[in-house]
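[1] Coordinates for the following, if possible.
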Amino acid sequence: MKKFIFQTAVFLAIALSLFVLFKFSSDYWIRKNATLNFSKKADKVVIGHSHSECAINDSKIDGLVNISQSGEAYMYTYLKTRLLLSRNEDIKTVFIEFANNQVDVHSDRKIWEKKYVLARYPAFGPFMGMKENELLIKNNFQDYSRGFSLAARRNFNFIIGGDYEYAGKMGGYKKLTKEEVGEELGVLNDEKDVDYSKNMTMSKEGLAYLDKTLALCEENDVKVYLIRSPLHSKYPGFKNEEFYQQVLKSRYADLELLDFKDFPLEDLEYADLQHLNYRGAKKFSLFFDDILKKGLLESGNKQDFINKEMARISE
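    Numbers count the residues shown, from 1 in each chain. Predicted coordinates for the structure are as follows:
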């Protein structure tokens, strides 16, 4: 019996070792052969979570590609940017979504919570270093293990199918057709006297990866702008606006924020209080394209430029 148990243990150890070896070997092969061919020529890219994913219809903007993805934490933004800049020398400008729900410590959970690990790790595992793997193992070993297994199977399918193209796996504009602002306003708890800023702690891991992304862009002579996509005036996330501004001024004072939170839209142009539907996305994207062509990025005071243009279309 002891011999059987020993032999079984040895067999399982060997099988596990071979599985892990295959996973990391296939990671290397995919990382080496990954390509990034967008459907159009672009020198600008937008990266972020669902706010920019749903707000920026890149088919309406010349020379710009949107690779935002719902729920994207800044760790994945970093991995995505590193791959992008290593495969595309044409990119000269990167817009990174910087929203109210990305600055406090609770946003770090989007790195390792179950649904994010299972959704992100299979695609981005090949581009993770030791630090990223350790971070996931430390905070959620169980789902990391499941993601590891899913990633190995996905790697196998990619290699067998010769599928090394990552342009379609990194995100993109998401067309929303719903109109749920009225429903959300109907159940909104209007806590006028609540100041969430007083009880908030700055994101540790997320903002650290944003810093790494900024440094990476600087190393590659790529200009970076933070961007805040249009948001409904009743968006609950504004309750931490004071804290948001504190983080912005204390940590990113040298960066320019292109703030479109007050972009004029009707309720029917929102999918909900924090996302635009396709109507709103079309209107905003055409506006963004227009002000880029008018010289937004060459202007001295970019926010003043934006505010004047938003006021003009509101008349």
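
[2] what's across from Leu257 in the sheet?
    Here Leu257 sits in beta bridges with Leu226, going by DSSP bridges.

[3] count of neighbours near it?
    Applying other Cβ atoms under 10 Å, we find 16 residues neighbouring Leu257. For glycine as for every other residue, the C-beta is placed from the backbone atoms N, C-alpha and C.

[4] Going forward, count from 642.
    All set: I'll call the first residue 642, so the last point we hit is now Leu898.

[5] how near is it to Asp931?
    Separation of Leu898 from Asp931 (Cβ to Cβ, to the nearest Å) stands at 20 Å.

[6] ditto for Phe884
    Using Cβ to Cβ, Phe884 is found at 33 Å from Asp931.

[7] Next: Ala922.
    Applying Cβ to Cβ, the value for Ala922 to Asp931 is 15 Å.

[8] now swap in Leu829 and tell me
    Taking Cβ to Cβ, one finds Leu829 at 33 Å from Asp931.

[9] for Arg672, same thing?
    Using Cβ to Cβ, Arg672 is found at 39 Å from Asp931.

[10] same thing with Met811?
    In terms of Cβ to Cβ, Met811 sits 26 Å off from Asp931.

[11] neighbour count winner among those two?
    Taking neighbours as other Cβ under 10 Å, Met811 and Asp931 compare with Met811 leading, 22 against 14.

[12] Surely the more buried one and Gln710 touch.
    Yes. Met811 is within contact range of Gln710, at 7.0 Å (criterion: Cβ atoms under 8 Å).

[13] Three-state assignment for Trp670, please.
    When classified by DSSP: H, G, I helix; E, B strand; the rest coil, Trp670 comes out as helix.

[14] Can you give me every residue that contacts it?
    By Cβ atoms under 8 Å, 6 or more residues apart in numbering, the contact list for Trp670 reads Asn796, Ile800.

[15] what do you get for Pro763?
    With Cβ under 8 Å, 6+ apart, Pro763 has these contacts: Gly788, Leu791, Ala792, Arg795.

[16] The second one: which element?
    Following DSSP states H and E, the helix or strand that holds Leu791 is helix 771-802.

[17] and that helix, what other elements does it pack with?
    Judged by 3 or more Cβ pairs under 8 Å, 6 or more residues apart in numbering; DSSP states H and E, helix 771-802 is in contact with helix 643-674, helix 715-728, helix 750-753, helix 755-765.

[18] Tell me how far the second one lies from the chain's centre.
    Taking Cα atoms, centre = their mean, to the nearest Å, the mean C-alpha location of helix 715-728 is offset from the chain mean by 10 Å.
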